[in-house]
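Asker: No sequence on hand, only this structure:
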Ligand code: SAM
């Protein structure tokens, strides 16, 4: 119990920090205040769970920094009932945040071990997205269209397949750049056109696959 109390306190501090960094969407902040991020960490890193930093989750991959999760989630303007595609399940933390916000989440991961681990782990916390294994740079054509698409790995280009799978009035948020740093891009589909907004730089692990980088460095 005491442990829970401590973790809740740390989560509240994290939410305050994210507010100071400019996150204003109350639904995003409330979700971050609820999801037990420490349960996504290995024992050795447990003390870092509520720092605003990315951390390794094995297989050379990372759990994204809370600010990044909050920033991407805010830019998607998630409404309860939205059908959301997440490319890059990773630890499952971002999927849990979207589920807390009332979205129906379809999440796809290219690393089989991470896919299997998270598919078994996340439902134990009560979070039940639809899990897929494969190259998410091609989207999930059989489940399209999606109201929102979030890509959580750095892409060299915006994959056309993902644009094709976005609903009218749909929003996609995707980091695009080189292997080290990317600019966050928000794309909105309106009347058959794509409106583009660009934001600050972020540093994600590379998106692999057909419309990603060909192989890990
Ligand atoms: N959203 C995750 C979270 O909340 O922990 C963080 C994702 S991590 C920064 C990027 C993930 O994208 C890695 O797990 C990596 O294996 C995955 N990935 C890379 N290329 C992919 C692809 N083409 N399709 C699906 N997943 C991919």
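Answerer: On my side now, so go ahead. None of the values given here were measured: they were computed from a predicted structure. Residues are numbered from 1 along each chain as shown.

Asker: Just give me the residue closest to the centre of the chain.
Answerer: residue 94 (4.1 Å; C-alpha atoms, centre = their mean).

Asker: Looking at that residue now. What's its pLDDT?
Answerer: At residue 94, the predicted lDDT confidence score is 98.

Asker: That one contacts residue 64, doesn't it?
Answerer: Yes. Under the criterion of C-beta atoms under 8 Å, residue 94 makes contact with residue 64 at 6.3 Å. Backbone N, C-alpha and C define where each C-beta goes, glycine included.

Asker: Quick check: neighbours shared by these two?
Answerer: Residues touching both residue 94 and residue 64 (C-beta atoms under 8 Å, 6 or more residues apart in numbering): residue 152.

Asker: that older thread, which outside residues touch the helix or strand containing the residue nearest to the centre of the chain?
Answerer: Per DSSP states H and E, residue 94 falls inside helix 93-100. Identification of contacts with helix 93-100 by C-beta under 8 Å, 6+ apart yields 28, 30-32, 34-35, 37, 40, 63-64, 69, 72-73, 78, 84, 86, 89, 105, 107, 122, 125, 127-129, 150, 152.

Asker: Which ones among those residues map onto helices?
Answerer: 28, 30, 31, 32, 34, 69, 72, 73 (DSSP state H).

Asker: Looking at those residues, point me to the pair that's furthest apart.
Answerer: 34 and 72 (17.6 Å; C-beta to C-beta).

Asker: In terms of neighbours, single out the busier of those two.
Answerer: residue 72 (25 against 15; other C-beta atoms under 10 Å).

Asker: Tell me how many other residues crowd the residue nearest to residue 199 when sequence neighbours are not counted.
Answerer: Leaving aside its sequence neighbours, residue 199 sits nearest to residue 184 (C-beta to C-beta, 6 or more residues apart in numbering; 4.1 Å). If you count neighbours by other C-beta under 10 Å, residue 184 ends up with 21.

Asker: who's in contact with the longest helix seen in the chain?
Answerer: As assigned by DSSP H, the longest helix anywhere in the chain is helix 2-20. Here helix 2-20 makes contact (C-beta under 8 Å, 6+ apart) with 29, 32-34, 36-38, 49-50, 52, 66-67, 70.

Asker: now do 6 Å
Answerer: Counting contacts by C-beta atoms under 6 Å, 6 or more residues apart in numbering, the residues outside helix 2-20 that touch it are 29, 32, 33, 38, 50, 52, 66, 70.

Asker: Show me the shaky parts of the chain.
Answerer: Across the chain, the ranges flagged by pLDDT under 70 are 1-3, 215-217.

Asker: Enumerate the residues of it near the ligand.
Answerer: Residues of the chain lying close to the ligand (C-beta under 6 Å from any ligand atom) are 61-64, 87-88, 90-91, 93-94, 108-111, 114, 135-137, 152-153, 204-205, 207-209, 212.
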